[in-house]
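> A predicted structure for the sequence below; I have some questions about it.
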Amino acid sequence: MSRVVLVTGAASGIGAACCRRMAGPGTAILVHTRRNAEGAARVAEEVRAKGAEAEVMLGDIADAALPDALVARALERFGRLDALVFAAGFADRTPFRDAPDAVFAKSLDAVLWGFLRTARAALPHLEDGRIVAISSFVAHVFRTDVTLFPASAAAKAGMEALVRAVAMEAAAKGTTVNAVSPGYTRKDPGAHAALTPAQWEAVTAKIPLRRLGTPDDVAAMVNFLCSPEAGYVTGQVIHVNGGLI
């Protein structure tokens, strides 16, 4: 086994696309999802069809005990860990004035604390390894003609700051830590979307490349950041957003 990867939030969307991109002979992927067992099983089969090994594990990333359990499962099943792709999370567009503490706490628990705990669990086992966190344009784009996501923005911005801090410490072991910030990205068919079809159409007109991103657009960047060629890239937030500003 030449590479073992843990991907959180991997049953659909960007996480699933990362699994498919990174799969191949000599690779093993631990496919995590909160509760979409059917989707995770489908992704695992796609991974295996590309010659890789796969294992599925379910659990809420906001559960403080889960990150340690995920890393332990990867080590038990595959004997090592080389990369972490943290794609777990969700979008919440509740307006700030309408959002009680619980709304912000839910986003912070899943995104910021979820990443913190998973990176902390993984880092001791990574030598010349890779950590990539999936952030979002909502932490960067604040305009009157763009829907705002206050709770998600706060959680993702905190995660990006943590990426930079962890990168400084991980560098001593040759491990790189980066974030990828997607723009508006097409959802899987039938998946929950934070915007209506009319809103999706309207935002597409605001993107310089005049199209929505795809999960594979983002996965291509993640795959690069997890490759040997990206060994001198760390502490960065890289935008994959079609030019959205």
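Yep, that arrived.
> what's the nearest residue to the residue nearest the centre of the chain if we skip its chain neighbours?
The chain has Ala87 as the residue nearest its centroid, 1.9 Å off, counting by C-alpha atoms, centre = their mean. Counting by C-beta to C-beta, 6 or more residues apart in numbering, Ala87 lies nearest to Gly15, which is 3.5 Å off, once chain neighbours are set aside. Where C-beta positions appear, they are placed from N, C-alpha and C, glycine not excepted.
> go ahead and confirm the one you found touches Val5.
No: with contact defined as C-beta atoms under 8 Å, Gly15 and Val5 do not form a contacting pair (11.2 Å).
> circling back: what pLDDT is listed against the residue nearest to the centre of the chain?
Looking at Ala87, its pLDDT is 98.
> so how far is Gly51 from it?
With distances taken as C-beta to C-beta, to the nearest Å, Ala87 is found 22 Å from Gly51.
> now Ala202
42 Å.
> does the most far-flung residue of the chain relative to its centre count as helix, strand or coil?
Most distant from the centre of the chain: Arg97, at 27.9 Å, with distances by C-alpha atoms, centre = their mean. Put simply, Arg97 is helix when judged by DSSP: H, G, I helix; E, B strand; the rest coil.
> please enumerate the shared neighbours of Gly15 and Val5.
Residues within reach of Gly15 and of Val5 at once, by C-beta atoms under 8 Å, 6 or more residues apart in numbering, are Val85.
> need the contact partners of the helix or strand bottoming out on mean pLDDT in the chain.
Here the helix or strand of the chain ranked lowest by mean pLDDT, DSSP states H and E is helix 197-204, holding a mean of 86. Under the contact criterion C-beta under 8 Å, 6+ apart, helix 197-204 has outside partners 146-147, 184, 193, 195, 210-212.
> is the residue nearest to Ala87 in a helix, a strand, or coil?
Classification of Gly15 by three-state DSSP places it in helix.
> burial count for it?
28 (other C-beta atoms under 10 Å).
> spit out the contact partners of it.
By C-beta under 8 Å, 6+ apart, the neighbours of Gly15 are 7-9, 33, 85, 87-88, 134.
> one more time with 10 Å
Shown in contact with Gly15 (C-beta atoms under 10 Å, 6 or more residues apart in numbering): 7-9, 31-33, 39-40, 43, 85-89, 134, 215, 218-219, 222.
> filter these down to the ones in strands?
Of the positions in the contacts of Gly15, 7-8, 31-33, 85-86, 134 sit in strands, assigned by DSSP state E.
> which of the contacts of helix 197-204 sit farthest apart?
Distance extremes for the contacts of helix 197-204: the farthest pair is Ala193 and Arg210 at 19.4 Å, using C-beta to C-beta.
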